[in-house]
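K.L.:
sharing a model prediction with you, sequence too.
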Amino acid sequence: KDVRASIAVDLGAESCRVSLLRWEGTRPVITLVHRFPNAPRELPEEQGGGLRWDLSMIVHGLEHGLRLCAGLATEGVRSIAVDGWAVDYVRVDADGAALADPFCYRDERTIKAERSLHRKARPERMRELTGIQLMRINTLYQLHADALAELPEGQQWLNLPEYILSRWGGARVAEFTNATHTQLVELHKRQWCREIFSAAQLDMACAPKLVPPGTEVGRLSGPLAELPAFADTVLVAPACHDTASAIAGIPAQGNDWAYISSGTWSLVGTLLEQPRNGHAPSAENFTNLGAVGDRVCFHKNVNGMWLIKQCMEQWASEGTDWNIVDLVAAAEKLPRPHDLLDVDDPELLLPERMPQRINAQRVKRGHDPLDESASNAPAFASLIFYSLAARYAKVLDRISLHSGKQFKRLFIVGGASQNLFLNRLTAEATGLEVFRGAPESSTVGNFAVQLAALEGSRDAITGVYAEPVARWAALMEGALEAGAKG
Ligand code: LRH
């Protein structure tokens, strides 16, 4: 048995994490070695403008994390895998070097791009071809915005986790689970969709080669590889989509469970063997994203902690710093609010001034606005959590209908699974037995896929098999001491 350590990198829109897995005999021990905040910022026009991620800050933070891991893992590091939020990408030159900071999917340039593209390609047709929830954040609309802005042709693009892998010495690839979220992959063929590329005026030669989850993409090279721990370290594309990783990290068996991957977004759904892309799921805009083990993440993007985090930022800018634990505790003391929010109102997906946006919705729907000041934060928090729970219940009902599954259990994973108040409201609204999974479930899934890949449990076309991944995930849950009931 190889006794060396492995590293999982998980890129989040709010924070990025580098975790180390070491072996105590056959027992894995996972340590979160480095975590640093992440956020997009508006660039000045002379630097290209737009809401963009700070790529060098991210890379710097990750490499610092890798160095810390190298210092701890005296036994050496066998492998590194990177997952992250989907849809955003880096433009690279012929040598694979980044050409600019990547846009954040919330940048408003895609409002115009969406309109333009839907004139060229019927939304129903794109839906039929891809099986993907049509959302303007998807890579397709962003790439189309680049085409409209007449970005120089011939620039390759890489989704962010795959870019990080390539920067460290990996081949330039598009991992399948992450690629499906671009809205550019044909559902049944598992290939880039020529028809959509052409409608969106995109060059297929600029898209990277598709590979399945659990593919070894190369060896760590460059300055980091000079550290003794990194003498012979392979780079693995796990499920590069963080949500697919998080779902792969749920150690549940059977057919009676649904999931909520709860963070900035809430991904509410279930795992399926076959996509559901008929009239009703399409009309209701459910997604069929690639999942580990040749399965499908059938879910819907529901707004999530974005709502409360954006409120907190607004109050902080006015001088009051709420801490989330205190805010949840204060919200829990309030009576159930009347007049719940439509959490998926497109206006509430935009950054800044969230209390004002929420009130604008209330007024539009004929409800009284709330006092927007920071002292009234618990009322906003209560409204948000009750509204999210109600929305989860509604979406799960529809998922049950479309999938034909009778749910008994609900696994809530991701950072916001620690919000026990919201878990309780969700249990009440859904009537399901709620299990709280690992807060770092993407990291668990990332490691599980890595380990399955390293032991060779994989199919050449669909990647790592579901069964060994689930087995590793179950072992890992213990390593994290999670799985406690919420
Ligand atoms: C969650 C996530 C989600 C995507 C969104 C862009 O982090 O990857 O699955 O829809 O970010």
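P.N.:
Sure thing, it's come through.
K.L.:
would you map the strands across the stretch 351-486 of the chain?
P.N.:
Counting by DSSP state E, counting those that start in this stretch, the stretch 351-486 of the chain has these strands, from start to end: 409-413, 433-436, 458-459, 463-464.
K.L.:
the residue nearest to Ala205 when sequence neighbours are not counted: which element?
P.N.:
Beyond its immediate neighbours in the sequence, the residue positioned closest to Ala205 (C-beta to C-beta, 6 or more residues apart in numbering) is Gly154, lying 7.7 Å away. Yep, even glycine has a C-beta here, placed from its N, CA and C like the rest. According to DSSP states H and E, Gly154 maps onto no helix or strand at all.
K.L.:
surely Gly154 is in contact with Leu202?
P.N.:
No: Gly154 is not in contact with Leu202 according to C-beta atoms under 8 Å; the separation is 11.7 Å.
K.L.:
if you count what's nearby, which of the two comes out ahead?
P.N.:
For the pair Gly154 and Leu202, the greater number of neighbours falls to Leu202 (21 against 10), based on other C-beta atoms under 10 Å.
K.L.:
contacts only, for that one.
P.N.:
Applying C-beta atoms under 8 Å, 6 or more residues apart in numbering, we find Leu202 in contact with Leu143, His144, Ala147, Leu184, Ile196.
K.L.:
let's go with 7 Å and repeat that
P.N.:
In this structure, Leu202 makes contact with Leu143, Ala147, judged by C-beta atoms under 7 Å, 6 or more residues apart in numbering.
K.L.:
check for me that it belongs to a helix.
P.N.:
No: under the criterion used here (DSSP: H, G, I helix; E, B strand; the rest coil), Leu202 is coil, not part of a helix.
K.L.:
need phi/psi at it.
P.N.:
According to degrees, to the nearest 10, the main-chain angles of Leu202 amount to phi -110, psi 150.
K.L.:
spell out which parts of the stretch 51-200 of the chain neighbour the ligand.
P.N.:
Residues of the stretch 51-200 of the chain lying close to the ligand by C-beta under 6 Å from any ligand atom are Trp85, Ala86, Val87, Tyr105, Ile137.
K.L.:
SS state for the fourth one?
P.N.:
Right, Tyr105. Going by three-state DSSP, the secondary structure assigned to Tyr105 is coil.
K.L.:
for whichever residue of the stretch 201-350 of the chain sits closest to the ligand, which three-state class applies?
P.N.:
Across the stretch 201-350 of the chain, the shortest distance to the ligand (C-beta to the nearest ligand atom) belongs to Thr243, at 3.6 Å. Per three-state DSSP, the secondary structure class of Thr243 is helix.
K.L.:
my read is that it contacts Trp265, right?
P.N.:
No: here Thr243 does not reach Trp265: they are 8.1 Å apart, not a contact under C-beta atoms under 7 Å.
K.L.:
when these two are compared, which one has more neighbours?
P.N.:
Applying other C-beta under 10 Å to Thr243 and Trp265 shows that Thr243 carries more neighbours, namely 30 against 22.
K.L.:
just name the most buried of the strands of the stretch 351-486 of the chain.
P.N.:
Mean neighbour counts were taken over the strands of the stretch 351-486 of the chain using mean count of other C-beta atoms under 10 Å, and the top value, a mean of 29, falls to strand 463-464.
K.L.:
and that one, what does it pack onto?
P.N.:
Counting by 3 or more C-beta pairs under 7 Å, 6 or more residues apart in numbering; DSSP states H and E, the packing neighbours recorded for strand 463-464 are helix 441-454.
K.L.:
pull the helix it packs on out as CSV, backbone CA atoms only.
P.N.:
Written as CSV, here are the backbone C-alpha positions of helix 441-454 (Å, rounded to 0.1, in the frame of the first residue of the first chain):
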residue,chain,number,x,y,z
SER,A,441,-18.3,17.6,1.6
SER,A,442,-16.6,18.7,-1.7
THR,A,443,-13.3,17.9,-0.1
VAL,A,444,-14.5,14.5,1.0
GLY,A,445,-15.8,13.7,-2.6
ASN,A,446,-12.6,15.1,-4.1
PHE,A,447,-10.5,12.7,-2.0
ALA,A,448,-12.9,9.8,-2.6
VAL,A,449,-12.6,10.2,-6.3
GLN,A,450,-8.8,10.6,-6.1
LEU,A,451,-8.4,7.4,-4.1
ALA,A,452,-10.7,5.4,-6.4
ALA,A,453,-8.8,6.7,-9.4
LEU,A,454,-5.4,5.8,-7.9
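K.L.:
and it, anywhere near the ligand?
P.N.:
No: counting by C-beta under 6 Å from any ligand atom, the ligand is not contacted by helix 441-454; separation bottoms out at 8.0 Å.
K.L.:
pLDDT on that helix, on average?
P.N.:
For helix 441-454, the mean pLDDT works out to 97.
K.L.:
re the thing from before, I'd like the strands of the stretch 351-486 of the chain as a markdown table, with distance to Asp397 and mean pLDDT appended.
P.N.:
Rendered in a markdown table, the data for these read as follows (distance: least, C-beta to C-beta, whole Å; pLDDT from 0 to 100):
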| stretch | distance to Asp397 | mean pLDDT |
| --- | --- | --- |
| strand 409-413 | 12 | 96 |
| strand 433-436 | 16 | 94 |
| strand 458-459 | 34 | 96 |
| strand 463-464 | 32 | 98 |
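K.L.:
for those, which one sits closest to the ligand?
P.N.:
Ranking the strands of the stretch 351-486 of the chain by their distance to the ligand (criterion: C-beta to the nearest ligand atom) puts strand 409-413 first, at 11.6 Å.
K.L.:
burial count for Leu396?
P.N.:
25.
K.L.:
surely it is in contact with Thr430?
P.N.:
Yes: applying C-beta under 7 Å, one finds Leu396 in contact with Thr430, separated by 5.6 Å.
K.L.:
in the stretch 251-400 of the chain, where is pLDDT below threshold?
P.N.:
Under the criterion pLDDT under 70, no range of the stretch 251-400 of the chain is flagged.
K.L.:
get me the contact residues on it for the ligand.
P.N.:
Counting by C-beta under 6 Å from any ligand atom, the residues of the stretch 251-400 of the chain lying close to the ligand are Gly263, Thr264, Trp265, Leu267, Asn301.
K.L.:
and of those residues, the nearest to Glu175?
P.N.:
Taking C-beta to C-beta as the measure, Leu267 is the one of these closest to Glu175, at 17.6 Å.
K.L.:
list the contacts of the closest one.
P.N.:
When contacts are taken as C-beta under 7 Å, 6+ apart, Leu267 is in contact with Thr243, Ile260, Ser261, His299, Asn301.
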